[in-house]
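Chemist: missing the sequence, but the structure's below:
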């Protein structure tokens, strides 16, 4: 169900079943709203129940991929007839040159790969095969046999082995098409792959690089382990190469880049992609949200895990290091168990950071927070502004008085009714720092160098906000980024995964971009905060104000980055009560309506860290029962 249809379904449900809807919003899932980071307040979690009823569906567990295929990706003869009819109406049908370097490929795999090209619905292609001096006689026989059957298949046999980059460039030398696609010699294309590529090119005439979703072919030949990818996500790409399959480039771009480079074998495609995105506008990179590539798993393939080709890890690190230099970024590349970590280097004098902490009573919670901040690294200078929202417990008042002459901590009294947005806006007006950290009073620093890491990421001028990994006291993840649209308005990614768990393709341990990060711990520039007029204290007093802030930053062209390499404990919602009064319920419902009406386009566009084939109604990174990706043949 598309986002617009989902919103319509919610509105209809509210109209037809108002009492049940209100009950779901108020009581559907026990929880309470937190003092900042309103993205997944208890009220928002309750909204998910309403969304489920409105959609009338559940997500599919990732292990039920066969069920997802049957419901969403089982193409019929009628579907292919529709594609052919659409193709017949195209005035231009660009030639796509598919490059396939071959080396000692097992015959069944090689035959299946070539036949997957022969079975394409879109027929204006050429297959450029370069055998890299295979010594197995059957390889030559298979290649020559196919070339003799179809004039679109072109083959060259190298006399000496040069490696995958050299062999790919040899195949490139055979190509005459305006578009260049890459297919490994033991993988397969979906039969509608080229149709979807040309359709995407027609819809995006400025495109220069296209890529699709992919899955794997297990040893039993069954499709498994789908990777439903986000749009171009620079920080995620720097964390691992998620763009490779199915990759299609304009030939002029490949020629400009000089083809693939020797010395990067195993990560030659990663190097090519990084060089490509460094030389073209980001909006010329197009994601096709369909599984068009089947990556075969066998002991020698990279699909079986990065450990299968350890040299590829080192080559990838070198490609990333060059990418950073081309971008003018100072930093080091570190291999991790799940990909890579960019250790950006902050400016020598990053400027003062103002840490803003709204609070009320619960002095023992605030004490834990402030003591952990003061014990952390002072490499980046900071001040702490405590916004005391009417504390009236004697112990809390006494604790706050203790900061009267503290060199780093200021306490500002505010006795007005609780309004998280207004408290932060008032503190920002008093802040002396170039940077701001919005921080909940119920957090506790784990990573001593947290501010060094966050300000280093923020040294990139196009980064608008940085969020961190927040953990429940039991060591599970409370915040791993915010997915806009999840559960209706927004929801936390990687929720309740173990602290060290990789999650979906390792993404719980990889730096990446999302639509938003929680205001429970968020770093941003004061100038950007002021430019977007801060938090919305009129319409978003408690919930969703952080999501709204991030969406406003994105509207300025800023990226929202989440890093797993900074960790805090988050003792969630210790300072605020339940949404248990009519006034609070009315306020929350108003905030939901405001987000739907103000950010309808953003909700429809989807989150920059998510995919239309993944669920918005239940658990993050589960398969959507019904894909929201448009099918161009329907």
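Modeler: It's in. Being a predicted model, the structure only gives us computed values, none of them experimental. Numbering: from 1, shown residues only.

Chemist: Quick one: mean pLDDT over the helix or strand residue 325 falls within.
Modeler: Using DSSP states H and E, residue 325 sits within helix 310-326. Averaging pLDDT along helix 310-326 gives 95.

Chemist: Tell me the buried residues in the helix or strand following it?
Modeler: Downstream of helix 310-326, the first helix or strand assigned by DSSP H and E is strand 331-335. For strand 331-335, burial by neighbour count (16 or more other CB atoms under 10 Å) applies to 331, 333. For every residue, glycine as well, the C-beta is placed using N, CA and C.

Chemist: so what does the helix or strand immediately after strand 331-335 in the chain touch, helix or strand wise?
Modeler: Going down the chain from strand 331-335, the next helix or strand is strand 340-344, by DSSP H and E. Helices and strands touching strand 340-344, by 3 or more CB pairs under 8 Å, 6 or more residues apart in numbering; DSSP states H and E, are helix 234-239, helix 310-326, strand 331-335, helix 450-458.

Chemist: Of these, give the one that comes closest to residue 247.
Modeler: Checking the helices and strands packed on strand 340-344 against residue 247 by CB to CB gives helix 234-239 as the closest, at 12.4 Å.

Chemist: Return the distance of that closest one from the chain's centre.
Modeler: Mean-position distance between helix 234-239 and its chain equals 9 Å (CA atoms, centre = their mean, to the nearest Å).

Chemist: got it, and stretch 488-508?
Modeler: In terms of CA atoms, centre = their mean, the centre of stretch 488-508 is found 11 Å from the chain centre.

Chemist: And that stretch, end to end?
Modeler: This stretch, stretch 488-508, spans 22 Å end to end (CA to CA, to the nearest Å).

Chemist: If we go by neighbour counts, what in it is buried?
Modeler: Quick answer for stretch 488-508 (16+ other CB under 10 Å): 488-495, 497, 499, 502-508.

Chemist: Residue 583 in helix, strand or coil?
Modeler: helix (DSSP: H, G, I helix; E, B strand; the rest coil).

Chemist: repeat for the one 5 residues further on
Modeler: Secondary structure assignment for residue 588 (three-state DSSP): helix.

Chemist: I'd like the distance between it and residue 274.
Modeler: The gap separating residue 588 from residue 274 is 44 Å, by CB to CB, to the nearest Å.

Chemist: which ones among the buried residues of stretch 488-508 are found in strands?
Modeler: 490-492 (DSSP state E).

Chemist: circling back to that earlier point, got the angle for the helix holding residue 325 vs strand 331-335?
Modeler: Interaxial angle of helix 310-326 relative to strand 331-335 (axes from the mean of the first three to the mean of the last three CA atoms, to 10 degrees): 160 degrees.

Chemist: list the buried ones in helix 310-326?
Modeler: Within helix 310-326, judged by 16+ other CB under 10 Å, the buried ones are 312-313, 315-317, 319-320, 322-324.

Chemist: Turn these into a markdown table, including distance to residue 144.
Modeler: Shown next, in a markdown table, are the buried residues of helix 310-326 (distance: CB to CB, whole Å):
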| residue | distance to residue 144 |
| --- | --- |
| 312 | 31 |
| 313 | 36 |
| 315 | 32 |
| 316 | 35 |
| 317 | 39 |
| 319 | 35 |
| 320 | 40 |
| 322 | 39 |
| 323 | 40 |
| 324 | 45 |
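
Chemist: and these, which two are the farthest apart?
Modeler: Greatest spatial distance in these: 312 and 324, 18.8 Å, computed using CB to CB.

Chemist: Could you report the separation of residue 292 from residue 196?
Modeler: Using CB to CB, we find residue 292 at a distance of 6 Å from residue 196.

Chemist: which residues do those two both contact?
Modeler: residue 212 (CB atoms under 8 Å, 6 or more residues apart in numbering).

Chemist: Low-confidence ranges, the stretch 251-400 of the chain, go.
Modeler: For the stretch 251-400 of the chain, the stretches with pLDDT under 70 are 298-308.

Chemist: residue boundaries of the helices in it?
Modeler: Counting by DSSP state H, counting those that start in this stretch, one finds helices in the stretch 251-400 of the chain at the ranges 251-257, 268-277, 310-326, 363-375, 394-401.

Chemist: Would you mind giving the ones you listed as JSON lines with distance to residue 192 added?
Modeler: Output for the helices of the stretch 251-400 of the chain, formatted as JSON lines (distance: least, CB to CB, whole Å):
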{"stretch": "helix 251-257", "distance to residue 192": "22"}
{"stretch": "helix 268-277", "distance to residue 192": "22"}
{"stretch": "helix 310-326", "distance to residue 192": "30"}
{"stretch": "helix 363-375", "distance to residue 192": "54"}
{"stretch": "helix 394-401", "distance to residue 192": "64"}
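
Chemist: nearest to residue 627, of these?
Modeler: helix 268-277 (25.5 Å).

Chemist: Other residues contacting that closest one?
Modeler: 164-165, 168, 182, 208-209, 232, 234, 237, 241, 243-244, 247, 249, 253-254, 257, 260-261, 264, 285, 315-316, 319-320, 322-323, 326.

Chemist: Let me know the distance separating the residue nearest to residue 334 when sequence neighbours are not counted from residue 524.
Modeler: Computed as CB to CB, 6 or more residues apart in numbering, the closest residue to residue 334 that is not its neighbour in sequence is residue 341, at 4.5 Å. As judged by CB to CB, residue 341 and residue 524 stand 22 Å apart.

Chemist: Among the two, which residue is more densely surrounded?
Modeler: residue 524 (26 against 20; other CB atoms under 10 Å).

Chemist: Quick one: distance of the helix or strand where that one lies to the chain centre.
Modeler: Secondary structure from DSSP H and E places residue 524 in strand 521-525. Centroid separation for strand 521-525 versus its chain: 19 Å, with CA atoms, centre = their mean.

Chemist: For that strand, which outside residues touch it?
Modeler: For strand 521-525, using CB under 8 Å, 6+ apart, the contacting residues are 37, 353, 434-440, 443, 451, 454-455, 458, 464-468, 470, 479, 546, 549, 553, 568, 570.
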